[in-house]
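1. Pasted the sequence and its predicted model underneath.
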Amino acid sequence: MKKFSYIVSLAILALVLAGVAGAASNPNVVHSACFGVQLSSKGDSKFDLNMHGKKRICIVGKAGAKGDAGAAGAKGNTGAAGPQGAKGAKGDPGVAGPRGYKGDKGDRGPAGPAQLESWSNCTATLCLDAPPEGPNGLDGSGGWGWDNSANAPVTTLTVGQAANLTVTVMEPNPDSTPASITLTYSSQDFSLDSTASDSTVGTDPFDRGGVETFSYPDGFHNNDKSVGFSFTPQNDTAEALVTATVQVDGQTASETFPVAITG
């Protein structure tokens, strides 16, 4: 009987040791239970399920199913900013883009102020003097006169207020040849009110207002001859023109005198 018990104990021990060896070679198993086995010196064995034996042997079972993933942990704090990197090399210029469409033509801007400068046409021995210029208007004796308050030539007239136009004829040599002065202007801009006492009004060659010819049968008899004419402005305009044309001994000279008219 004792011999049988001993054999059983050895068999159980062999089975247990085999299970331990298998568990050691298989990473997919874990320990599941332990018990104790005690062998006496007399050859009999005892199977102790309460693990009171001096030798503790564990039975290893297969690994269980993989568990669910745990919940995500809390977000960590933002790390400190790293040092600024070195400035990179300048890149190559990009390819030029296509030319854009031409825009629409803009509206025409307002007209600039009139220059109101006179212009003349002279010969070698006959000319008309320019409007006064320079300090106190001493550089000329023709045109619409000098504005003492503005210390400048007159450039603006007022509707309804008479103004004097001076025509100064310059000849290097005096003569007694008959002469004439023709004034050309727009009757929309002016009316001609008076003429020089020593002149004779000729016939309007165009048979309309705005052209008047004044004859001087005995000529001017002076190196310089100034003749005054009174005009009354009629309507607002940025530039009104009066042209004086002088004829003496087959020579012709002329000068145009512009002026602005305001209401």
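-> Perfect, I can see it now. Numbering: from 1, shown residues only.
2. residues contacting Ala96?
-> Ala96 is in contact with no residue at all, counting by Cβ atoms under 8 Å, 6 or more residues apart in numbering. Where C-beta positions appear, they are placed from N, C-alpha and C, glycine not excepted.
3. quick one: pLDDT of it?
-> In this prediction, Ala96 carries a pLDDT score of 85.
4. when you give positions from now on, start the count at 590
-> Right, with 590 as the first residue, what we last looked at is Ala685.
5. all strands for the stretch 590-739 of the chain, in order.
-> Secondary structure of the stretch 590-739 of the chain by DSSP state E, counting those that start in this stretch: the strands cover 618-628, 634-637, 644-651, 708-710, 716-717, 735-736.
6. Where among the ones you listed is average confidence lowest?
-> strand 634-637 has the lowest average pLDDT among the strands of the stretch 590-739 of the chain, namely a mean of 45.
7. where does the chain dip in pLDDT?
-> Low-confidence segments of the chain (pLDDT under 70): 590-650, 697-704, 723, 725-726, 763-765, 783-798, 811.
8. Could you chop it up by domain?
-> 591-651, 708-851 (automatic domain parsing).
9. so Ala833 sits right up against Ser769, yeah?
-> No. Between Ala833 and Ser769 there is no contact under Cβ atoms under 8 Å: 10.7 Å.
10. Those two: which has the busier surroundings?
-> Legend: neighbour count by other Cβ atoms under 10 Å for Ala833 and Ser769, higher for Ala833 (27 against 17).
11. Tell me, how many residues neighbour Phe809?
-> 22.
12. all helices for the stretch 590-739 of the chain, in order.
-> Taking DSSP state H, counting those that start in this stretch, the helices of the stretch 590-739 of the chain run over residues 591-614.
13. For the nearest residue in space to Ser707 that is not next to it in sequence, give its distance to Thr714.
-> With sequence-adjacent residues excluded and distances taken as Cβ to Cβ, 6 or more residues apart in numbering, Ser707 is closest to Phe846, at 5.0 Å. Here Phe846 is placed at a distance of 22 Å from Thr714 (Cβ to Cβ, to the nearest Å).
14. Compare these two and say which one has the larger neighbour count.
-> Phe846 (26 against 14).
15. That one reaches Gly729, doesn't it?
-> No. Using Cβ under 8 Å as the test, Phe846 is too far from Gly729 to be in contact (11.0 Å).
16. intersection of neighbour lists for the two?
-> Pro720.
17. Can I get stretch 671-682 in CSV? Just the C-alpha atoms.
-> Taking C-alpha atoms only, stretch 671-682 is exported to CSV below (Å, rounded to 0.1, in the frame of the first residue of the first chain):
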residue,chain,number,x,y,z
GLY,A,671,12.6,76.6,-28.0
PRO,A,672,15.2,79.2,-29.0
GLN,A,673,14.7,81.1,-32.2
GLY,A,674,16.4,79.5,-35.2
ALA,A,675,18.8,81.3,-37.4
LYS,A,676,17.5,83.3,-40.3
GLY,A,677,17.3,81.3,-43.5
ALA,A,678,18.9,82.3,-46.8
LYS,A,679,17.0,84.7,-49.1
GLY,A,680,14.9,82.8,-51.6
ASP,A,681,15.1,83.3,-55.4
PRO,A,682,12.6,85.9,-56.9
